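**Q** Below are the sequence and a predicted model; questions follow.
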Amino acid sequence: MLVTEGIEWKTLAVHNPVEFLRPTRVSYDLPRDARAVGVQLRWCQPEHRGAGHDQWAIDYVEIVM
């Protein structure tokens, strides 16, 4: 868990880049406490190898409750 400016962030998943060399569909079950009004989701890459490396994209995010 990470707290930034009063916001508590919980990690839902961590991925190994080697598993995603091709477009891949993934889905997750949100924990019960994340199924509430005002909850924010974010995607981040905490480490990278610098400019021109580690590009990634997210397309078609669907939240189903």
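**A** Cool, got the structure. Numbers count the residues shown, from 1 in each chain.

**Q** List the contacts of the residue nearest the centre of the chain.
**A** Centroid-nearest residue in the chain, with CA atoms, centre = their mean: residue 43, separated by 3.4 Å. Residues near residue 43 by CB atoms under 8 Å, 6 or more residues apart in numbering: residue 58. For glycine as for every other residue, the C-beta is placed from the backbone atoms N, C-alpha and C.

**Q** Would you mind measuring from it to residue 56?
**A** To residue 56, residue 43 is 9 Å away according to CB to CB, to the nearest Å.

**Q** next one: residue 21
**A** Residue 21 is 11 Å from residue 56, by CB to CB.

**Q** burial count for the residue lying closest to residue 54 once chain neighbours are set aside?
**A** On the basis of CB to CB, 6 or more residues apart in numbering, the spatially nearest residue to residue 54 that is not a chain neighbour turns out to be residue 48, at 4.1 Å. Using other CB atoms under 10 Å, residue 48 is surrounded by 10 other residues.

**Q** Residue 55 is in contact with residue 48, correct?
**A** No: with contacts counted by CB atoms under 8 Å, residue 48 stays clear of residue 55, the gap being 9.2 Å.

**Q** Can you tell me the SS state at residue 8?
**A** State at residue 8, reduced to three classes by DSSP: H, G, I helix; E, B strand; the rest coil: strand.

**Q** Tell me how far it lies from residue 17.
**A** Look at residue 8 and residue 17: by CB to CB, they are 27 Å apart.
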